[in-house]
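Colleague: Fold the following, please.
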Amino acid sequence: MKVEIISPSETLFEGEATSVTVPSMMGPFTLLEHHAAIVSVLEAGKVSLTDDKGEHREFAIKGGFVENHSNQLTVCVEL
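Modeller: The predicted structure follows:
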C-alpha cells in the first residue's frame with residue numbers, strides 16, 4: 001500500500017509498506033493492504049511500519065490523525 005507520513009515541517013516517509021501500526025485513542029492498531037476506509041485520531045506514541053523491502057521503521061509522535069482510503073494511507077503527525 002502507498003504510505004505517506006508527514007508532519008508540518010517534513011515528510012518522514014513516502015513509499016510502499018506492507019503494514020503500519022499507529023497509536024490511536026482506543027489503543028494501537030495495525031493497517032494492512034486493503035484495510036477498510038478509516039479516519040482516526042492518534043495519541044502520543046510510536047508509528048511503526050514495515051516497508052516493501054521488509055525493513056522496520058519507527059517514528060515517535062505527540063499526536064495526529066490517520067486516514068486510509070483505496071489502499072492509500074496518510075498519517076499526519078505532530079513531532
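
Colleague: The residue nearest the centre of the chain sits in which helix or strand?
Modeller: The chain has V75 as the residue nearest its centroid, 4.6 Å off, counting by Cα atoms, centre = their mean. In this assignment (DSSP states H and E), V75 forms part of strand 72-78.

Colleague: Give me the mean pLDDT for that strand.
Modeller: The average pLDDT for strand 72-78 rounds to 98.

Colleague: so what's E67 up against?
Modeller: Neighbouring residues of E67 by Cβ atoms under 8 Å, 6 or more residues apart in numbering: I38, V39, L73, T74, C76. To be clear about C-beta, it is placed using only N, CA and C from the backbone, and glycine gets the same treatment.

Colleague: partner residues bridging the last one?
Modeller: Just to be clear, that refers to C76. Counting by DSSP bridges, C76 forms beta bridges with I6, F65.

Colleague: How much space separates it from G27?
Modeller: Going from C76 to G27 by Cβ to Cβ, to the nearest Å gives 20 Å.

Colleague: okay, these two: which has more neighbours?
Modeller: The residue with more neighbours, out of C76 and G27, is C76; 16 against 8, by other Cβ atoms under 10 Å.

Colleague: ok now do the more buried one, which residues does it touch?
Modeller: Taking Cβ under 8 Å, 6+ apart as the test, what C76 contacts is I6, S7, G64, F65, V66, E67.

Colleague: Now render these as JSON lines, adding pLDDT.
Modeller: Output for the contacts of C76, formatted as JSON lines (pLDDT from 0 to 100):
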{"residue": "I6", "pLDDT": "98"}
{"residue": "S7", "pLDDT": "97"}
{"residue": "G64", "pLDDT": "98"}
{"residue": "F65", "pLDDT": "97"}
{"residue": "V66", "pLDDT": "98"}
{"residue": "E67", "pLDDT": "98"}
